[in-house]
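Q: Could you work out the structure for the sequence below:
(2 chains)
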2 protein chains.
Amino acid sequence: MSATDDAAPSDQQSLTPEQEMLNWGRLLLDGVPFADLIGARDRPKGMSWLNYWLGRSKEYEELANKAFSEGHHLSAGEYFYLGTLAAQYGQFLWFGPERGVAQQRKAALYRQAAPLLDPPAHEADLVIDGVPVRAYVRTPNRPAPHPAVIMLGGLESTKEESRHMEDLVLARGMATVTFDGPGQGETFDSRALAGDFERFTSAVVDYLTDRDDIDAAAIGVLGRSLGGNYALKSAACDDRIAACVSWGGFSDMDSWEAETPMTKESWRYVSKVETLDEARDHVQKATETRHVLGKLRCPTYILHGALDEVPLSFVDTVRNHVTNAPLTIVVENEGDHCCHNLGLRPRLAMADWIHDQLVK
Amino acid sequence: MSATDDAAPSDQQSLTPEQEMLNWGRLLLDGVPFADLIGARDRPKGMSWLNYWLGRSKEYEELANKAFSEGHHLSAGEYFYLGTLAAQYGQFLWFGPERGVAQQRKAALYRQAAPLLDPPAHEADLVIDGVPVRAYVRTPNRPAPHPAVIMLGGLESTKEESRHMEDLVLARGMATVTFDGPGQGETFDSRALAGDFERFTSAVVDYLTDRDDIDAAAIGVLGRSLGGNYALKSAACDDRIAACVSWGGFSDMDSWEAETPMTKESWRYVSKVETLDEARDHVQKATETRHVLGKLRCPTYILHGALDEVPLSFVDTVRNHVTNAPLTIVVENEGDHCCHNLGLRPRLAMADWIHDQLVK
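A: Next up, the predicted model:
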């Protein structure tokens, strides 16, 4: 099987679990080394996907500790981050009982990477709705106050995954903030996906507006996949949000049947329900945004790949419902879900667009 | 054909031209997008390798000009650089008459990228042996004077190709310098490969010691592939060089017969001779270093991949001849030529090692 066979399958529904997990475009752009993807594809018969990645993660942790002990802090940060990514992508579509262990490992390794990144990621311990929520804030190497972009993860994305997109935002003079909302990462144990993500986003906006180093008038959201759905609803429901990017997002889950097999299983998992029928009903209700899109008033950027399993009719829905906000709609004819197959270009375009909205 | 088939062939001599050109590990780590490699592999029947990459290069140039006109200078720099890489890897093992056009295009696009990189690359126009030699200097975001690393390209590498390795060096507090020596890039028209590369390196050292912002006592060389051979000879012949990294280098070309077909053709091309027999004789003479290795006195780092077509006996030769310099020898059992198949790890190790030699 070749790399492209995995990257751009012609029939989403026929994907094997292996094909869904081995998403070359996404994993490479998020920072997973090519050599590790080759290793995953060609791993010994009988070694599970999860165990392969936990092994890689362990090796990177050892390299990180060695580099740190030698005073090579930048390299230690790289290795802790590579260990984080390995643990993340080991468990992101894994539904066995070991998932929780890999999830904890990812969070723990990122905590070690965070102060060693350039610029570093600083922890902020919030409590939202009685739930402890750890956020990470990175600020650009410029005089404060900074514009800020809240990065919203998706169905199996967490606050540890977006470093390279954060770097593009930071290089353009904006701070970044990541956190896990309901159904995600470290918040999953306390809260399932429930259709109230926007309340968590607003609590993070509260936190940011209290910080002296953040420009409260220049806070944006940028959400990927399900995070692109959350971004639309968060910006519609909180008029302090000054710019919104929906990156491979959607307005509703009317197209549930087009979702790939592992993605459906993932929806079931984060909803904490037993059956796919229950998941469908729960998810359709939780991801519905059409009733609030008319409230969206800030400049909004929609990136949609025409080869996404989310149908192009999503763009019609946006045009029909987002009637009070300036819209920039980019449809990539060759793009898959989130346009991961198109390389850096769509990411640069989003970073430049949100720069133009928030940086004066 | 899968990515690994290209990346780690079991029999070097059986490589097709396509397999030699589609060196996944090298191209990805140098910054070529995965999507472009897939595009190259799956390009339309009848489209040449060179024309595919010239097309990509043109598209990136258009994106760069558009980004620049919109005030998005960082993205413009990225696109000019992606255009540079596309032109570089279109022609690097292409021996048709169009090669010169692609070479000029690469140099021209990099000149546009240079001031937009972070940190920028500043041109320095030197004249060495009556030959105009354009060098690029990048300095880290720290107070001067800076340690400096002269990056030496190899058989078909040029001063435009090493940006991502430069970034690792810069992040660790050292300036970088690149230039084209005999047989390389813009210097090729004036001078073929001739066994006198070290004189060009020394002229660059002259230039650097005259600069107020460079610490003349902390100048190193880091050369890749044939550049690793040049690094050894340059450091042996100029005692102002304080540290030497030979990255996938060699001490001699006794193992000429093990070279891959396109590499032999490349040796012939840069030697400006007619036949492979002439090339062998010329190259063996020009790359011989054993008679000078005893003069090497600065700390020296050897990175060698056990799967390189350069035999492991190279390491014996180094041990036997480099008797007056502190040696750090790293043999990677799974590494191919320059260990391109191992991802970032060997590059981080080299960057950290030279940091430890030059940054006090």
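Q: Contact partners for the residue in the stretch 251-360 of chain A that chain B sits nearest to?
A: For the stretch 251-360 of chain A and chain B, the shortest gap (Cβ to the nearest Cβ) falls at residue A:343, measuring 3.8 Å. Quick note: C-beta positions are derived from backbone N, CA and C, even for glycine. Each residue near residue A:343 by Cβ atoms under 8 Å, 6 or more residues apart in numbering or on different chains is listed here: A:25, A:29, B:33, B:34, B:35, B:36.
Q: Of those residues, which pair is most distant in space?
A: A:29 and B:36 (13.1 Å; Cβ to Cβ).
Q: roughly how far apart are the most centrally placed residue in chain A and chain B?
A: Compute the mean C-alpha point of chain A, and by Cα atoms, centre = their mean the closest residue is residue A:153, 2.8 Å away. For residue A:153, the distance to chain B equals 22 Å [Cβ to the nearest Cβ, to the nearest Å].
Q: Please name the nearest non-neighbouring residue to residue A:25.
A: Nearest residue to residue A:25, sequence neighbours excluded (Cβ to Cβ, 6 or more residues apart in numbering or on different chains): residue A:340, at 3.5 Å.
Q: Where does the one you found sit: helix, strand or coil?
A: helix (DSSP: H, G, I helix; E, B strand; the rest coil).
Q: Show me which residues of chain A sit near chain B.
A: A:1-4, A:7, A:24-25, A:28, A:33-36, A:38, A:41-42, A:63, A:67, A:70, A:72, A:74-75, A:78-79, A:82, A:118, A:171-172, A:341-345, A:348-349, A:351-352, A:355 (Cβ under 8 Å from any Cβ of the partner chain).
Q: Quick check: can you list the domain ranges of chain A?
A: Chain A resolves into domains spanning A:17-118, A:119-359 when parsed by the TED database.
Q: Could you check how many residues crowd around the closest residue to chain B within the stretch 1-150 of chain A?
A: Proximity of the stretch 1-150 of chain A to chain B (Cβ to the nearest Cβ) peaks at residue A:33, 3.9 Å away. Residues lying near residue A:33 (other Cβ atoms under 10 Å in any protein chain shown) number 22.
Q: same thing with residue A:78?
A: For residue A:78, using other Cβ under 10 Å, the count is 23.
Q: And the pLDDT for the residue nearest to residue A:337 when sequence neighbours are not counted?
A: By the measure of Cβ to Cβ, 6+ apart, the closest residue to residue A:337 outside its immediate chain neighbours is residue A:308, 4.5 Å from it. We have a pLDDT of 96 for residue A:308.
Q: List the residues that contact the residue lying closest to the residue nearest to the centre of chain A once chain neighbours are set aside.
A: Nearest residue to residue A:153, sequence neighbours excluded (Cβ to Cβ, 6+ apart): residue A:227, at 5.1 Å. When contacts are counted by Cβ under 8 Å, 6+ apart, residue A:227 touches A:151, A:152, A:153, A:154, A:157, A:247, A:249.
Q: what's the spacing between the closest residue to the last one other than its chain neighbours and residue A:347?
A: Once flanking residues are discounted, residue A:249 sits nearest to residue A:228: 2.0 Å by Cβ to Cβ, 6+ apart. When distances are taken as Cβ to Cβ, to the nearest Å, residue A:228 and residue A:347 turn out to be 13 Å apart.
Q: repeat for residue A:42
A: For residue A:42, the distance to residue A:347 - Cβ to Cβ - is 28 Å.
Q: Looking at these two, which one has more neighbours?
A: Higher neighbour count among residue A:42 and residue A:347: residue A:347, with 22 against 11, using other Cβ under 10 Å.
Q: which secondary structure element contains the more buried one?
A: helix A:345-358 (DSSP states H and E).
Q: Now tell me what touches that helix from outside.
A: In contact with helix A:345-358 (Cβ under 8 Å, 6+ apart) are residues A:29, A:147-149, A:165, A:168-169, A:171-174, A:218-220, A:222, A:242-243, A:245, A:247, A:299, A:301, A:303, A:328, A:330, A:332, A:335, A:339, B:63, B:67, B:70, B:72, B:75, B:78-79.
Q: what mean pLDDT does it have?
A: 98.
Q: roughly how far is stretch A:161-174 from the heart of the chain?
A: On the basis of Cα atoms, centre = their mean, to the nearest Å, stretch A:161-174 sits 13 Å off its chain's mean C-alpha point.
Q: And it, what's buried?
A: Buried residues in stretch A:161-174, defined by neighbour count with 16 or more other Cβ atoms under 10 Å in any protein chain shown: A:161, A:162, A:163, A:165, A:166, A:167, A:168, A:169, A:170, A:172, A:174.
Q: got it, and stretch A:50-63?
A: So for stretch A:50-63, counting by 16+ other Cβ under 10 Å, buried means A:50, A:52, A:53, A:54, A:56, A:57, A:59, A:60, A:61, A:63.
Q: same deal with stretch A:225-245?
A: For stretch A:225-245, using 16+ other Cβ under 10 Å, the buried residues are A:225-238, A:241-245.
Q: For the helix or strand where residue A:151 lies, which strands pair with it and how are they oriented?
A: If you go by DSSP H and E, residue A:151 is part of strand A:146-152. According to DSSP bridges, strand A:146-152 forms sheet pairs with strand A:175-179 (parallel), strand A:214-224 (parallel).
Q: Alpha carbons only: can I get the first one in PDB?
A: Same thing as strand A:175-179. The C-alpha trace of strand A:175-179 is given here as PDB (Å, rounded to 0.1, in the frame of the first residue of the first chain):
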ATOM      1  CA  ALA A 175      -0.600  34.700  21.400                       C
ATOM      2  CA  THR A 176      -2.100  31.200  21.400                       C
ATOM      3  CA  VAL A 177      -4.200  29.400  23.900                       C
ATOM      4  CA  THR A 178      -5.200  25.700  24.000                       C
ATOM      5  CA  PHE A 179      -7.400  23.800  26.400                       C
END
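Q: need the next SSE after it, C-terminal direction.
A: Immediately after strand A:175-179, counting by DSSP H and E, sits helix A:197-210.
Q: Show me what that following helix packs onto, helices and strands only.
A: The helices and strands touching helix A:197-210, judged by 3 or more Cβ pairs under 8 Å, 6 or more residues apart in numbering or on different chains; DSSP states H and E, are strand A:122-128, strand A:131-138, strand A:146-152, strand A:175-179, strand A:214-224, helix A:226-237.
Q: chain center to it: distance?
A: 17 Å.
Q: ok, now stretch A:78-91?
A: 15 Å.
Q: got the CA positions of that stretch in PDB?
A: C-alpha atoms of stretch A:78-91 as PDB (Å, rounded to 0.1, in the frame of the first residue of the first chain):
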ATOM      1  CA  GLU A  78      11.700  18.600  20.600                       C
ATOM      2  CA  TYR A  79      11.900  15.000  21.900                       C
ATOM      3  CA  PHE A  80       9.300  15.500  24.600                       C
ATOM      4  CA  TYR A  81       7.100  16.900  21.900                       C
ATOM      5  CA  LEU A  82       7.800  14.000  19.600                       C
ATOM      6  CA  GLY A  83       6.900  11.700  22.500                       C
ATOM      7  CA  THR A  84       3.700  13.600  23.000                       C
ATOM      8  CA  LEU A  85       2.700  13.200  19.400                       C
ATOM      9  CA  ALA A  86       3.500   9.500  19.300                       C
ATOM     10  CA  ALA A  87       1.300   9.000  22.400                       C
ATOM     11  CA  GLN A  88      -1.400  11.200  20.900                       C
ATOM     12  CA  TYR A  89      -1.600   9.300  17.600                       C
ATOM     13  CA  GLY A  90      -1.200   6.000  19.200                       C
ATOM     14  CA  GLN A  91      -4.600   6.500  21.000                       C
END
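Q: hmm, who's touching that stretch?
A: With Cβ under 8 Å, 6+ apart, stretch A:78-91 has contacts from A:21, A:27, A:30-33, A:36, A:49-54, A:56-61, A:63-64, A:67, A:98-99, A:102-103, A:105-106, A:109-110, A:112-113, A:116-117, A:158, A:160-161, A:163, B:344, B:348.
Q: Okay then, goodbye and thanks.
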